[in-house]
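>>> Give me a 3D structure for the following:
(chains A and B)
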Amino acid sequence: DAKTTQPPSMDCAEGRAANLPCNHSTISGNEYVYWYRQIHSQGPQYIIHGLKNNETNEMASLIITEDRKSSTLILPHATLRDTAVYYCIVRVVDTGNQFYFGTGTSLTVIP
Amino acid sequence: DVKVTQSSRYLVKRTGEKVFLECVQDMDHENMFWYRQDPGLGLRLIYFSYDVKMKEKGDIPEGYSVSREKKERFSLILESASTNQTSMYLCASEGESGNTIYFGEGSWLTVV
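Presented below is the predicted three-dimensional model:
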């Protein structure tokens, strides 16, 4: 699975959009981009995933560049409860294939 | 919603004790996983299972074993706990589609 690069930390004002970047320049054609987050002392929580089209759900939007070498997770109106570590993962969708979690981005939402 | 339940959130055990960490999922998922998470090391896969009575080693299986007697239940066993097994342990499950995995809340184990 391709590696990802994320900034170690970011701040965002409460109520503003949080834009979390991820670089995955070696991604291959059959690898999806996944985002999880982990609030302190809890298990990782699935947010969203996509292949090449932009995706949106009730939690967030995922924007993938046309060349698929990078993506951005957008939390449209960040709240204090969105303070967490956010992980970007690329993975071939295949049952039993591992999810490799890196060190992620620590997002702090500031009141 | 998928529910992955880990029976113990916080445990303190003595060196040499046998430790059981239990995990149950309610979505009839085929695949289940045990990870441990340590500061600076991310999540590391210990064992996983594709089906009842099947198990596969992950990246760090030494010192651990697992049991999958029923589809919904996946147990992690520390035969003789050691202090370097102090960690947060995460169970996860995944359906046949291989689409995504869902995690439990985690079990914090301290070995003294």
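>>> For the residue nearest the centre of chain B, list the residues it contacts.
With distances taken as C-alpha atoms, centre = their mean, B:W34 lies nearest the centre of chain B, 3.0 Å away. With contacts defined as C-beta atoms under 8 Å, 6 or more residues apart in numbering or on different chains, the neighbours of B:W34 are B:21, B:23, B:45-48, B:58, B:64, B:66, B:74, B:76, B:89-92. (C-beta placed from N, C-alpha, C; glycine too.)
>>> Can you classify it as helix, strand or coil?
Secondary structure of B:W34, reduced to three states by DSSP: H, G, I helix; E, B strand; the rest coil: strand.
>>> neighbours around B:D28, how many?
Here the count is done by other C-beta atoms under 10 Å in any protein chain shown, and B:D28 has 10 residues near it.
>>> hmm, back to that, close to chain A as well: tell me which of the contacts of B:W34 qualify.
B:45, B:48, B:58, B:90, B:92 (C-beta under 8 Å from any C-beta of the partner chain).
>>> now the strands for the chain?
By default, I'm working from chain A. Remark: strands of chain A, listed N- to C-terminal, are A:9-13, A:18-23, A:31-38, A:45-50, A:55-56, A:61-64, A:70-75, A:84-92, A:105-110; assignment by DSSP state E.
>>> Please refer instead to chain B.
Using DSSP E, the strands of chain B run over B:4-6, B:10-13, B:19-25, B:31-38, B:42-49, B:56-57, B:65-70, B:73-78, B:87-94, B:101-103, B:107-111.
>>> Kindly state the beta-bridge partners for residue 11.
Reading this off chain A. With DSSP bridges applied, the residues forming beta bridges to A:D11 are A:T108.
>>> hmm, I had chain B in mind actually
In this structure, B:L11 has beta-bridge partners B:L109, where bridges are defined by DSSP bridges.
>>> With the one 10 residues further on instead?
For B:L21, the beta-bridge partners under DSSP bridges are B:L76.
>>> Per-residue pLDDT of A:D1, please?
At A:D1 the predicted local distance difference test score is 56.
>>> Could you find the closest non-adjacent residue to the residue minimising distance to the centre of chain A?
Central residue of chain A (C-alpha atoms, centre = their mean): A:W35, 3.4 Å from the mean position. Distances taken as C-beta to C-beta, 6 or more residues apart in numbering or on different chains put A:I47 closest to A:W35, at 4.3 Å, once the chain neighbours are dropped.
>>> is it true that that neighbour touches A:Y36?
Yes. Under the criterion of C-beta atoms under 8 Å, A:I47 makes contact with A:Y36 at 6.1 Å.
>>> If you count surrounding residues, which of these two has more?
Shown here are A:I47 and A:Y36; by other C-beta under 10 Å, A:Y36 has more neighbours (24 against 20).
>>> Report the distance from stretch A:79-96 to the chain centre.
When C-alpha coordinates are averaged (C-alpha atoms, centre = their mean, to the nearest Å), stretch A:79-96 and its chain have centres 5 Å apart.
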